[in-house]
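Asker: Let me see the structure of the following:
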Amino acid sequence: MIGTEDVFLDNSHAIRKWATRAPVQAPDLVKEMRFWLDYLGAEPSEAAEPLSLTDEALSVIGGDRQEAYGPAQESFQRIADLWSTLLGVEIAPETVGLMMILMKVSRQHGGSYKRDNFVDLVGYAVLTNQIAQPD
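Answerer: Residues are numbered from 1 along each chain as shown. Next up, the predicted model:
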């Protein structure tokens with residue numbers, strides 16, 4: 001990692017020129033940040049734009065969660081079997097997905113904004129859709 005003092009000494013002219021120009025408009029801010037991160041040798045992951053909710057949800061359900069809990073169909077079926085036994089009524093795997101979506105809606109409605117609720121909600125919607133589709 002480059003130290004602040006090194007950056008200033010090596011790039012003082014460029015930094016001084018940049019600092020004295022007109023203010024950056026909001027839409028250009030991401031481009032400016034990317035430029036300076038690249039210029040200062042930042043890793044690409046540090047310069048990447050934040051993932052959309054959908055991209056983040058797809059990343060989560062296709063990665064860590066699938067490794068931890070197995071395929072969604074099997075996981076939702078296991079949950080459906082447990083809920084069916086507990087409640088004494090037949091619960092389908094796609095109903096599990098809908099109930100998990102409602103849980104995330106309830107958490108968001110009952111508290112302050114938490115991005116994770118929306119990421120999980122999208123993930124549950126994608127998985128429920130996959131499970132509910134006829135073969």
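
Asker: Please count neighbours and contacts with C-alpha atoms only from this point.
Answerer: Fine.

Asker: Low-confidence ranges, the chain, go.
Answerer: 1-49 (pLDDT under 70).

Asker: Domain map for it?
Answerer: 4-47, 53-132 (automatic domain parsing).

Asker: now do the same end-to-end measure for the last one.
Answerer: Domain 53-132 has an end-to-end distance of 22 Å (Cα to Cα, to the nearest Å).

Asker: repeat for stretch 85-101
Answerer: From its first residue to its last, stretch 85-101 covers 21 Å (Cα to Cα).

Asker: Sort out which residues of stretch 71-88 are buried, please.
Answerer: Applying a neighbour-count criterion of 16 or more other Cα atoms under 10 Å, the buried positions in stretch 71-88 are 72, 76-77, 79-81, 83.

Asker: Any idea how many residues pack against residue 51?
Answerer: 10 (other Cα atoms under 10 Å).

Asker: residues in contact with stretch 50-65?
Answerer: For stretch 50-65, contacts defined as Cα atoms under 8 Å, 6 or more residues apart in numbering pick out 66, 118-120, 122-123.

Asker: got these as CSV, with neighbour count, distance to residue 132 and secondary structure columns?
Answerer: As requested, the contacts of stretch 50-65 are exported to CSV (neighbours: other Cα atoms under 10 Å; distance: Cα to Cα, whole Å; DSSP: H, G, I helix; E, B strand; the rest coil):
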residue, neighbour count, distance to residue 132, secondary structure
66, 13, 18, helix
118, 18, 21, helix
119, 21, 20, helix
120, 21, 18, helix
122, 21, 15, helix
123, 24, 14, helix
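
Asker: Which members of the residues you listed are the farthest-apart pair?
Answerer: Maximum pairwise distance among the contacts of stretch 50-65 (Cα to Cα): 18.4 Å, between 66 and 118.
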